[in-house]
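# quick one, fold the following:
(one chain, ligands or ions: 1)
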Amino acid sequence: MKQKSGREQAVWAADNIKPKISGVWDVAGSLFLITAPPISVHLLAYTLLKLDGSWNNLAKVVSDVGIVQTFSQAVPSSQEVWQAVPFVLCFAAFQLLCMWVVPGKYVDGPVAPSGHVPKYKANGVQCFLLTILVWAIGSYQGLIPAGWQYDHANAMFAFLNVSSIFLCMLLYLKGRFLPSTADSGHSGNLIFDFFWGTELYPRFGHWLWPIGWDVKLFTNCRFGMMYWGLSTLSYAAKQYELYGFISDSMLVSSLVQVVYVLKFFSWEMGYMNTMDIQHDRAGFYICWGCLVWVPSLYTCHTLFLVNNPYMMGRAVTAFLLLFGLLGVWINYESDAQKMRFRRSGGKCMIWGRPAKKIVATYTTKDGESKQSLLLLSGWWGVSRHFHYIPELMAAFSWTAPTLWKGNWAGFTYWLFLAWLLTDRSVRDDARCKSKYGESWTKYCELVPYKIIPYIF
Ligand code: NDP
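Sure thing, here's the model as predicted:
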């Protein structure tokens, strides 16, 4: 099989290090995505908390008082925002402390385009369980109201919005002038670079902890995912506090989400091999996304259910629970197949047979040729991103209960996810094609569908 030449493959490494702008739309799109989503976070929370989760109600308010007045109603006052500050800072500080002190094995991440190999401490599950334990004990002792995250939700999103913009500015400057590794570059356009970021593996605090705190491990996992898991529990506790019971819609939705987040932490080191970490730099796209978008959009259905304790009945509840858990399990299994396969150097059994593979080569920035393995068996032989289907199944089980009375705002996450994963399958294909060249083409011939066999 004809492999890409070292020179062609070096383009992948170089592109990963010095991003290129392909047209004015790259910059205009970045500008749009820096401004519109932070606004939409508040409009969504306002619609869920004050307008019965109905987009029609939001449209009516906009037509009555105009978009500016609507937005000013949706944004919390500065006094409310200040009240949210201590929680967010304590939560972030606690997570940073846990990353450092909670025991865990040190694990190597994948080779970066520069040849650098990042090191991580694998203690995600322990930190997640510890966070829940501290929250549960604190709530039981009356030190933290269990439903605090619900009471201050919109104010916290506002504080997170502002603070993450400052963090992204710092990360932009760090990547330009003080990068942690050679995997750093910029296009020269301030807006584009702020949006996409400059550095792939920024770290800080080496003077205190030799491996230092990895910024993306913190923003994506220990803040974003951790906040998601904890706020789900906090919202369920708030419903109990308000109504004296937990509805079956809240039960199924929060249970599957907590299992999903636990599954995420048990696979956290596998996440270090995905696009978010290997390809997307620490800029607004990823960092704002994990510090604000995940805590707000990814939890919006549960936020809505707090004050809408729908009872769906045993049959629907059981169906959604099984459907969701099945989704989480298949999603986990497919991520785990890839992780097992790569860790064993391709020498493992998948679905009772030796794993089939393609040996693919790629070149780092310094021209060094390296090998990688592409799995052709199991879920990875059904389609190239089959694991996105169970991801959508799981998400359906925790968002569908919000549709019980026909209002759609609580279902926003599922719609967003369907779009995101479709776009991601295209972006990942493009990335892998530029990294592996002919080997990727061969994989596409053998496994021709992106997500849904025979359809897409
Ligand atoms: P993937 O798990 O699809 O990983 C993509 C990378 O895996 C590729 O860039 C390539 O990296 C490698 N790869 C691709 N094909 C193969 C193969 N056949 N064999 C071995 N390696 C291969 O990344 P995602 O980040 O998209 O998904 C990870 C998880 O996160 C999934 O469970 C997904 O459902 C979930 N997810 C959740 C989202 C949410 O918002 N809820 C959003 C996105 C993902 P390389 O070869 O360079 O190592």
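# just the pLDDT for G406.
pLDDT, G406: 86.
# give me the distance between it and F157.
26 Å (CB to CB, to the nearest Å). Just so you know, the C-beta spots here come from the backbone N, C-alpha and C atoms, and that holds for glycine as well.
# for the residue in the stretch 101-250 of the chain that the ligand sits nearest to, which non-adjacent residue is closest in space?
With CB to the nearest ligand atom, the shortest gap between the stretch 101-250 of the chain and the ligand falls at P110, namely 5.5 Å. Nearest non-adjacent residue to P110, counting by CB to CB, 6 or more residues apart in numbering: N273, 5.1 Å away.
# okay, now the unreliable bits of the stretch 351-456 of the chain?
By pLDDT under 70, the stretch 351-456 of the chain contains no weakly predicted segment.
# who in it is up against the ligand?
Contact residues, the stretch 351-456 of the chain versus the ligand (CB under 6 Å from any ligand atom): 372, 374-375, 380, 385, 387-388, 391, 417, 420, 424, 428, 431-432, 435.
# hang on, V294 in a strand?
No - checked against DSSP: H, G, I helix; E, B strand; the rest coil, V294 lies outside a strand; its state is helix.
# pull the longest helix from this structure.
Criterion DSSP state H: the longest helix present in the chain is helix 314-343.
# buried set for it?
The neighbour-count criterion (16 or more other CB atoms under 10 Å) identifies 316-317, 320-321, 323-325, 327-328, 330-332, 334-338, 340-342 as the buried residues of helix 314-343.
# hey, where'd the strands end up in the stretch 351-456 of the chain?
All strands of the stretch 351-456 of the chain, identified by DSSP state E, counting those that start in this stretch, fall at 353-354, 357-363, 369-375.
# mind saving the C-alpha coords of the second one as PDB?
Extracted in PDB, the C-alpha atoms of strand 357-363 (Å, rounded to 0.1, in the frame of the first residue of the first chain):
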ATOM      1  CA  LYS A 357      -6.000  -3.700  12.000                       C
ATOM      2  CA  ILE A 358      -4.200  -1.400   9.600                       C
ATOM      3  CA  VAL A 359      -0.700  -0.300  10.500                       C
ATOM      4  CA  ALA A 360      -0.600   3.400   9.700                       C
ATOM      5  CA  THR A 361       2.300   5.800   9.700                       C
ATOM      6  CA  TYR A 362       2.600   9.500  10.400                       C
ATOM      7  CA  THR A 363       5.300  12.000  10.700                       C
END
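# buried stuff in it?
357-358, 360-363.
# give the pairing partners of that strand; include direction for each.
Looking at strand 357-363 with DSSP bridges, its partner strands are strand 369-375 (antiparallel).
# residues from this structure in reach of the ligand?
Residues of the chain lying near the ligand (CB under 6 Å from any ligand atom): 110, 273-276, 278, 331, 335, 338, 372, 374-375, 380, 385, 387-388, 391, 417, 420, 424, 428, 431-432, 435.
# quick one: which of those residues sit in helices?
Going by DSSP H, the helices hold 275-276, 278, 331, 335, 338, 380, 388, 391, 417, 420, 424, 428, 431-432, 435 from the residues of the chain next to the ligand.
# one step back: may I see the strands of the stretch 351-456 of the chain organised as JSON lines, with distance to L31 added?
Below are the strands of the stretch 351-456 of the chain laid out as JSON lines (distance: least, CB to CB, whole Å):
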{"stretch": "strand 353-354", "distance to L31": "50"}
{"stretch": "strand 357-363", "distance to L31": "33"}
{"stretch": "strand 369-375", "distance to L31": "36"}
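# for P103, find the nearest of those.
For P103, the closest of those is strand 369-375, at 30.8 Å, according to CB to CB.
# quick one: that closest one to chain centroid distance?
26 Å (CA atoms, centre = their mean, to the nearest Å).
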